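Peer 1: Quick check, what structure comes out for this input:
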Amino acid sequence: MPDLVELVVEDDRWVSFTPPLAGLAERAARAALEAVGLSPEGYEISLLACGDERITELNAEFRGKESPTNVLSWPTHELAPDSPGAVPWLPPEPAGEGPDILGDIAISYETALREAMEQEKRAEDHILHLILHATLHLLGYDHETDADAALMEGIESETLVSMGLPDPYTLPDAEEASLTRQEP
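Peer 2: Numbers count the residues shown, from 1 in each chain. Below you'll find the model as predicted:
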């Protein structure tokens, strides 16, 4: 079975992270695709494992925000639905001449670990959630409206619970811990 996630490590602290980021990323991305009814076979995602300095540069360049954030994503396909709360379009089926690239994700070491500590979560659980969240963005899900957020958070909750992790949106102070409501 070919890897779904192509990992590019820019910050060496990710190399010594346990469990290995490659395995967490693969598990999270596969779970996201399967949660929306897609087989991971034939798709590929690129994941940049970086630190706050690099993600701040990317956040400034692509979102106009000169501050670090936990995770960023750049979808290859425009899959967003026409109306709030609707299910996004599916990406094209892989053509067989190589994987269909779903997009790119960047994750920051410092911000991800700091958030996990602040939210009293295991770092690996939080990172898995961040990559699941970013993969859903690549698949056209968003949280710009309450209806969109309810759909996306519902998929995240159900998927994480099915993986044996706690529901991040029903924990104490979940509103403060919500990925979808934070501004970096």
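
Peer 1: rest of the way, CA atoms for contacts and neighbours
Peer 2: Will do.

Peer 1: can you pull the contacts of Arg13?
Peer 2: Tyr109 (Cα atoms under 8 Å, 6 or more residues apart in numbering).

Peer 1: mind checking how far it is from Leu139?
Peer 2: Between Arg13 and Leu139 the distance, using Cα to Cα, to the nearest Å, works out to 29 Å.

Peer 1: which ones are touching Val15?
Peer 2: Contact analysis of Val15 by Cα under 8 Å, 6+ apart lists Val9, Leu21.

Peer 1: can you tell me how far it sits from Gly64?
Peer 2: Relative to Gly64, Val15 is positioned 29 Å away (Cα to Cα).

Peer 1: Neighbours of Ser16, how many?
Peer 2: 9 (other Cα atoms under 10 Å).

Peer 1: Find me the pLDDT at it, would you?
Peer 2: The per-residue pLDDT reported for Ser16 equals 94.

Peer 1: Now do the phi/psi pair for it.
Peer 2: Here the main-chain torsion angles of Ser16 (degrees, to the nearest 10) amount to phi -90, psi 0.

Peer 1: do Gly64 as well
Peer 2: For Gly64, the backbone dihedrals (degrees, to the nearest 10) come out as phi 70, psi 20.

Peer 1: Then Leu132?
Peer 2: Here is the backbone geometry of Leu132 (degrees, to the nearest 10): phi -60, psi -50.

Peer 1: Can you classify Glu97 by secondary structure?
Peer 2: For Glu97, the secondary-structure state derived from DSSP: H, G, I helix; E, B strand; the rest coil is coil.

Peer 1: Please report how far it lies from Ala29.
Peer 2: With distances taken as Cα to Cα, Glu97 is found 21 Å from Ala29.

Peer 1: ok, those two, which is more surrounded?
Peer 2: A direct count of neighbours by other Cα under 10 Å for Glu97 and Ala29 places Ala29 higher, at 24 against 7.

Peer 1: Could I get the buried residue list for the helix or strand encompassing the more buried one?
Peer 2: Element membership of Ala29, judged by DSSP states H and E, is helix 21-35. Buried residues in helix 21-35, counted by 16 or more other Cα atoms under 10 Å: Leu21, Ala22, Leu24, Ala25, Glu26, Arg27, Ala28, Ala29, Arg30, Ala31, Ala32, Leu33.
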